[in-house]
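> Provide a 3D model corresponding to the input given below.
(2 chains)
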Amino acid sequence: MTGSTLPIESQVPAEWRDYFALTKPRVMSLVVFTGLCGLLAAPGHINPVLGFTAVLCIALGAGGAGALNQWWEADIDAQMKRTAKRPLPQGHLRRTDARDFGVALSVGSVAIMGLAVGLLAAAILALSIFYYAVVYTIWLKPRTPQNIVIGGGAGAFPPLIGWVAVTGDITLMPVLLFAVIFMWTPPHFWALALFVKTDYAKAGIPMMPVVAGEASTRRQILIYSIVLFVVSLLPWLIGGTGAIYGVAAVALSGLFVAFSLPVAFRRAGEDDRMAPEKRLFGFSVLYLFALFTALVVDHYLLGQGALA
Amino acid sequence: MTPEEEQQLKRARRGRNIALALVLVGLVVLFYAISIVKMLD
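Below is the predicted model of the structure:
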């Protein structure tokens, strides 16, 4: 893009930071981390260069999907305080540029993954991008209050892709890692949605607290956190991990349920500061980092990752 | 376009070009490393 083709809607010329912001760097950090953990915890060996390439491709794919998401949702983002500062609502770049950037990142990441790492890992990466950008963002997010449950699937792919990059096939263990993030996402995001509820209502997104009401959302947060407790223990119970992961999962998931309880059994009053909801949201991010760290530590110290 | 706007535009373009150059150099290094690894396999 050259200066002479700057769009009318653009007030400020696009900087590289605007493109970087399109990739949702904060979401990407979680994606890179869980993808790397899947790769490190998988049985077998991968050349470090190819391992790095795999994680890079997961990150680029997630960035591409994030850019496509912002391209599609620019109008919605403009209406919400949390997202109004994103580059498209700010008019820093043209929507078509965001779209092209997203497509280029997506296609590039899948192509490099396929050539350097393996076809199955590339296929799952492609599926995850399609799932997030099309199935979630375009199709289901504006249509159903179950959007977050469905969207959780997209965020759950990275450890599966990292694992498959090493092993070349899908076994029960990486599917369980997928299931952990899948069950983690709804309570994580609904806790957030409870304290930014008004924004979603304004933008017309059928977020659970807006559609089903707060009480129902709070109940569902607890239900999911209990299911998460069970699912997070399964890798240990089937013998795929050792006791380090097992103990960490019991402790962390137990805390998760403990943080969900006050959220589940209370009603927010006028001008509520939503402290329990914010605490749960904050802990949920820490939870995922800690649980996957335990998985990798367990693999290297106890060396039981070969069973899967 | 005012001189200030032109300055800003040039600065932004320069930043984008440098970022793109770094990305391209990174890809060259990456592909080289992948090729060597694959050949040694």
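> okay, residue 7: pLDDT?
Let's take chain A. For A:P7, the pLDDT comes out at 42.
> actually, chain B is the one I wanted.
At B:Q7, the model reports a pLDDT of 88.
> swap in A:G153?
Here, the pLDDT recorded for A:G153 equals 89.
> hmm, A:F182 and it touching each other?
Yes: contact criterion CB atoms under 8 Å: A:G153 and A:F182 qualify, at 5.9 Å. Any C-beta I mention is one placed from the backbone N, CA and C, and that applies to glycine too.
> tell me which of these two has more neighbours.
Legend: neighbour count by other CB atoms under 10 Å in any protein chain shown for A:G153 and A:F182, higher for A:F182 (23 against 18).
> give the contact list for that one.
If a contact means CB atoms under 8 Å, 6 or more residues apart in numbering or on different chains, then A:F182 has A:152-153, A:156 as its contacts.
> those in helices, which ones?
Counted as lying in helices by DSSP state H, out of the contacts of A:F182, are A:152-153, A:156.
> which ones, among these, also lie beside chain B?
Applying CB under 8 Å from any CB of the partner chain to the ones in helices among the contacts of A:F182, one finds that nothing falls near chain B.
> gap between A:V210 and chain B?
Separation of A:V210 from chain B (CB to the nearest CB, to the nearest Å): 38 Å.
> that residue contacts A:A201, correct?
Yes: A:V210 lies in contact with A:A201 (CB under 8 Å); the separation is 4.8 Å.
> where along the chain do the helices fall?
If you meant another chain, say so; for now it's chain A. A:16-22, A:25-41, A:48-72, A:74-78, A:95-112, A:119-130, A:147-167, A:172-195, A:197-203, A:208-211, A:214-237, A:243-264, A:275-302.
> try chain B instead
Counting by DSSP H, the helices of chain B are B:3-40.
> tell me which parts of it are close to chain A?
B:8-10, B:12-13, B:15-16, B:18-20, B:30, B:33-34, B:36-38, B:41.
> if we can go back for a sec, closest to B:T2 out of the helices of chain A?
For B:T2, the closest of the helices of chain A is helix A:16-22, at 21.4 Å, according to CB to CB.
> how far does that closest one sit from its chain's centre?
Centroid displacement of helix A:16-22 relative to its chain, using CA atoms, centre = their mean, to the nearest Å, is 19 Å.
> what is it packed up against?
With contacts defined as 3 or more CB pairs under 8 Å, 6 or more residues apart in numbering or on different chains; DSSP states H and E, helix A:16-22 has these neighbours: helix A:48-72, helix A:95-112, helix B:3-40.
> then stretch A:222-235 to CSV, C-alphas only?
Presented in CSV, the C-alpha positions along stretch A:222-235 are these (Å, rounded to 0.1, in the frame of the first residue of the first chain):
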residue,chain,number,x,y,z
LEU,A,222,-20.5,-23.2,37.7
ILE,A,223,-21.6,-26.2,35.6
TYR,A,224,-18.8,-25.7,33.1
SER,A,225,-16.2,-25.3,35.8
ILE,A,226,-17.3,-28.6,37.3
VAL,A,227,-17.2,-30.3,34.0
LEU,A,228,-13.7,-28.7,33.5
PHE,A,229,-12.7,-30.2,36.8
VAL,A,230,-13.5,-33.7,35.6
VAL,A,231,-12.1,-33.2,32.0
SER,A,232,-8.8,-31.8,33.3
LEU,A,233,-8.2,-34.9,35.4
LEU,A,234,-8.8,-37.3,32.5
PRO,A,235,-5.2,-37.0,31.0
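> enumerate the residues of the stretch 101-250 of chain A near chain B.
A:112, A:115-116.
> rerun that using 10 Å as the cut-off
A:108, A:112, A:115-117 (CB under 10 Å from any CB of the partner chain).
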